[in-house]
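Asker: Need a 3D model of the following:
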Amino acid sequence: MSFFKSVAFRCITVLLALAVIFGGTLAILNDVLYVSPEERTARAIKSVYGVEMKYQTRLDVDSTNTEINQALTCEYGTINKIYEIKQDGNNYDLLFHTTGFYGYNNGKISLWVKVSVNFTTEQPTEDDYKIDTVILASFEKQTLMSKFTGDFYANFTVDLTQEFIDGKIFTSDKYDTDNIKNIITGATKSANAACNAVNCVLDYVWGAN
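Answerer: Next up, the predicted model:
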């Protein structure tokens, strides 16, 4: 029996044919399912606002522009994206994608944090900033995320008044009497990572004034 009539040859032929078919299918699906960075950004912003919004990019770690793709780091975590969304008059929103460190098992939690900037003077002051929306984006190594209710995220929606500018941050430590408590019983470490994600935003706002 020649090799070309053998079972081995038929098996190789079938495998090669399958490889070509599956390879071609994957290539087609990759093109069809590809989502551009711009589309991902538009979807993310829509998930916060409920509708599509026009925006300007201040920071985006996924950008190919080297002037805006460097994450901002602080002692609490990193800010990965900042988008400016125009509102009425001089007012605008700053939408942050921020990651807090030091969660359970040294994991991380990422949030979308929307800060409204409303002012009537030439430049905004610390009293013109307000956190008005906080949404979970993703998490790493955290096992008790079901404990995170809407009330926990709502506790972050505050005016960034002098109380915060004086150095107060959010904390999940019930014994911390110097800062602003936001605690989840039984998930203290995970709550700590979420608090730190918001603390990155506070750090950014403080630096802007």
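Asker: And the residue nearest the centre of the chain?
Answerer: With the centre of the chain defined as its mean C-alpha position, the nearest residue by C-alpha atoms, centre = their mean is residue 97, 3.3 Å away.
Asker: who does it bridge with?
Answerer: Assessed by DSSP bridges, residue 97 has beta-bridge partners residue 81, residue 112.
Asker: mind listing what it touches?
Answerer: 44, 79, 80, 81, 82, 110, 111, 112, 137 (C-beta atoms under 8 Å, 6 or more residues apart in numbering). Every C-beta, even on glycine, is put in place using the N, C-alpha and C of the backbone.
Asker: Dump those to a markdown table, plus neighbour count.
Answerer: Shown next, in a markdown table, are those (neighbours: other C-beta atoms under 10 Å):
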| residue | neighbour count |
| --- | --- |
| 44 | 18 |
| 79 | 23 |
| 80 | 19 |
| 81 | 23 |
| 82 | 21 |
| 110 | 20 |
| 111 | 27 |
| 112 | 20 |
| 137 | 18 |
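Asker: which residues of this structure fall in strands?
Answerer: With strands called from DSSP state E, the chain shows them at 56-60, 72-73, 77-86, 92-100, 108-117, 129-140, 170-171, 180-181.
Asker: Would you convert those into CSV that also reports mean pLDDT?
Answerer: Below are the strands of the chain laid out as CSV (pLDDT from 0 to 100):
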stretch, mean pLDDT
strand 56-60, 94
strand 72-73, 95
strand 77-86, 96
strand 92-100, 97
strand 108-117, 96
strand 129-140, 94
strand 170-171, 96
strand 180-181, 93
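Asker: In JSON lines: the ones you listed, plus distance to residue 154.
Answerer: As requested, these are exported to JSON lines (distance: least, C-beta to C-beta, whole Å):
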{"stretch": "strand 56-60", "distance to residue 154": "26"}
{"stretch": "strand 72-73", "distance to residue 154": "25"}
{"stretch": "strand 77-86", "distance to residue 154": "21"}
{"stretch": "strand 92-100", "distance to residue 154": "17"}
{"stretch": "strand 108-117", "distance to residue 154": "13"}
{"stretch": "strand 129-140", "distance to residue 154": "8"}
{"stretch": "strand 170-171", "distance to residue 154": "13"}
{"stretch": "strand 180-181", "distance to residue 154": "13"}
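Asker: hang on, the earlier thing: and the residue nearest to the centre of the chain, how far is that from residue 124?
Answerer: 21 Å (C-beta to C-beta, to the nearest Å).
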